[in-house]
Structures are given as structure tokens and as C-alpha cells.
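> dropping a prediction and its sequence here:
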Amino acid sequence: MYMIVDARTGQANLTHVYNLNETAAAVWQLAAAGEFTAEKLAEGVCREYEIGYDEALRDVKALLESWQKYGLLQND
């Protein structure tokens with residue numbers, strides 16, 4: 001199991017813990033590596049897993065939307 005813990009205040013806030021499956025954790029790590037687009041993340045998912053690009057892109061976009069909703073991503 002993979003988790004994201006809210007630590008924006010400098011301390012871990014265990015009331016805001018987000019569970020990730022293996023694929024979501026891989027996307028998170030790819031995104032954390034630097035600037036990203038949904039398309040680049042989908043390409044990374046395709047390299048890591050046996051999945052078609054269109055399906056990967058759809059899933060990545062849904063994942064990013066979910067993370068945005070929960071405040072896990074910031075628009076710069």
C-alpha cells in the first residue's frame with residue numbers, strides 16, 4: 001500500500017491520508033520528478049505497465065482531476 005500524508009504545515013496531518021494503488025503511486029513518482037503533462041505521465045505508465053496509450057491517458061487524467069479536487073496538486 002502507498003500513502004500520501006498531508007505535511008504542508010511542516011507536520012504530518014494524519015487526518016488527511018490518501019491511499020494509492022501501485023499504478024497511482026508510479027504516476028505520483030513520475031509527477032514528483034519535475035514538470036509534467038498528462039500525456040507525459042501516460043507515456044510513463046505505458047512504459048511501466050502493459051496498457052494502451054488511450055486508456056493510460058484517460059486514467060491519468062481522471063487521477064490528476066481527483067488529486068486536484070483533494071488539493072494534492074497546485075496550479076502554478
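That came in fine, so what should we check first?
> so where is the chain shaky, pLDDT-wise?
Applying pLDDT under 70 to the chain picks out residues 7-9, 13, 75-76.
> could you pull out the helices for it?
Ranges of helices within the chain are 22-32, 38-48, 53-69, based on DSSP state H.
> any chance of the ones you listed in CSV, plus distance to Ile4 and mean neighbour count?
C-beta here means a position set from N, CA and C on the backbone, and glycine is covered the same way. Shown next, in CSV, are these (distance: least, Cβ to Cβ, whole Å; neighbours: other Cβ atoms under 10 Å):
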stretch, distance to Ile4, mean neighbour count
helix 22-32, 7, 17
helix 38-48, 16, 17
helix 53-69, 9, 15
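> indicate which one of those helices is closest to Asp6.
For these, the distance to Asp6 is smallest for helix 53-69, at 12.3 Å, taking Cβ to Cβ.
> can I get that closest one in CSV, CA atoms only?
C-alpha atoms of helix 53-69 as CSV (Å, rounded to 0.1, in the frame of the first residue of the first chain):
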residue,chain,number,x,y,z
TYR,A,53,-1.9,4.9,-24.5
ASP,A,54,-5.5,6.0,-24.8
GLU,A,55,-6.5,4.0,-21.7
ALA,A,56,-3.5,5.3,-19.8
LEU,A,57,-4.2,8.9,-20.7
ARG,A,58,-7.9,8.6,-19.7
ASP,A,59,-6.8,7.0,-16.3
VAL,A,60,-4.1,9.6,-15.7
LYS,A,61,-6.4,12.5,-16.5
ALA,A,62,-9.0,11.1,-14.0
LEU,A,63,-6.3,10.6,-11.4
LEU,A,64,-5.0,14.2,-11.8
GLU,A,65,-8.5,15.5,-11.6
SER,A,66,-9.0,13.6,-8.3
TRP,A,67,-5.8,14.8,-6.9
GLN,A,68,-6.7,18.4,-7.9
LYS,A,69,-10.0,18.0,-6.1
